[in-house]
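Enquirer: just coords:
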């Protein structure tokens, strides 16, 4: 009975010591599995739009955007007002008309568009 | 040194959090960098903050892994969580403009209010980890 008690105590001690390392492995596993499953779909699922005006108040209209066909980090975001530069939209948004519809469906106004998580990059403020 | 099970538990939870957030920031660094550029930081300190945060999170997770560095790891965790908490609080109080959270792991799906509560809980874990470690050292002596 004493030997079994000591064995249980040792197992508990080993588990306690291993717990931080298990947490590390779990965290790494989650990050890499998540990356593996989302990276491909992210690339295929989204379209990217360059906002052309410098006035952020005009971001609610799809006609003020032009679709980006180069890698996002190659898009020039010149200095100006602190306005959107690159906006991310779903795969189905393939024209400025559809973008306009998407903006009006999903956002209340230009302010909501400017502050949304769809904004990938912003123009540099003065 | 005999270590309380809660010390290991708090260390493990903090390791899990920092690995999820820190490693994801490194894996998706360009996206993190773009999101950080939308925050309220001055342009002069932005590069420093952008590189510091994921490095600090990963270093912290590493320190919490080992008994010899765990106490310092708890301290660094508490400082990091306090800094994140203060930033989230300033946004919730509308003192800073509300920007999308450049966060990794589960936190990116939270709004700023929930983020504040979440950070408070993990700050508590870090502080309790410090307290328990100090008590264990005193008992040892």
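Expert: Thanks, I have the structure now. Nothing here was measured: the structure is a model prediction, and the numbers come from that model.
Enquirer: now do the same end-to-end measure for stretch A:74-88.
Expert: 15 Å (C-alpha to C-alpha, to the nearest Å).
Enquirer: can I assume residue A:87 sits in a strand?
Expert: Yes: Residue A:87: assigned to a strand according to DSSP: H, G, I helix; E, B strand; the rest coil.
Enquirer: Helix or strand: which one has whichever residue of chain A sits closest to chain B?
Expert: At 3.0 Å from chain B, residue A:27 is the closest residue in chain A, using C-beta to the nearest C-beta. Quick note: C-beta positions are derived from backbone N, CA and C, even for glycine. Counting by DSSP states H and E, the element that carries residue A:27 is helix A:2-45.
Enquirer: Point out where chain A drops to low pLDDT.
Expert: For chain A, the stretches flagged by pLDDT under 70 are A:1-10, A:12, A:38-45, A:78-82, A:124-126.
Enquirer: where does it come near chain B, residue by residue?
Expert: Counting by C-beta under 8 Å from any C-beta of the partner chain, chain A comes close to chain B at A:16-17, A:19-24, A:26-28, A:30-32, A:34-35, A:72-73, A:115-117, A:119-122, A:124.
Enquirer: Neighbour count says what about the residues you listed? Which are buried?
Expert: A:16, A:19-20, A:23-24, A:27, A:30-31, A:34, A:72, A:115-116, A:119-122 (16 or more other C-beta atoms under 10 Å in any protein chain shown).
Enquirer: now check stretch B:121-136, is it near chain A?
Expert: No: Stretch B:121-136 does not reach chain A (C-beta under 8 Å from any C-beta); its nearest approach is 11.4 Å.
Enquirer: Let's verify residue B:49: helix, strand, or coil?
Expert: Taking three-state DSSP, the label given to residue B:49 is helix.
Enquirer: Same question for the one 10 residues further on.
Expert: Secondary structure for residue B:59, judged by three-state DSSP, is helix.
Enquirer: separation between it and chain A?
Expert: For residue B:59, the distance to chain A equals 13 Å [C-beta to the nearest C-beta, to the nearest Å].
Enquirer: can you check residue B:124 too?
Expert: In terms of C-beta to the nearest C-beta, residue B:124 sits 17 Å off from chain A.
Enquirer: part of a strand, is that residue?
Expert: No: assignment of residue B:124 by three-state DSSP gives helix, placing it outside any strand.
Enquirer: tally of neighbours for it?
Expert: Residues near residue B:124, counting by other C-beta atoms under 10 Å in any protein chain shown, number 13.
Enquirer: and what of residue A:110?
Expert: Other residues lying near residue A:110 total 18 when counted by other C-beta under 10 Å.
Enquirer: residues contacting it?
Expert: Neighbouring residues of residue A:110 by C-beta atoms under 8 Å, 6 or more residues apart in numbering or on different chains: A:56-60.
Enquirer: at 6 Å what do you get?
Expert: A:57, A:59-60 (C-beta atoms under 6 Å, 6 or more residues apart in numbering or on different chains).
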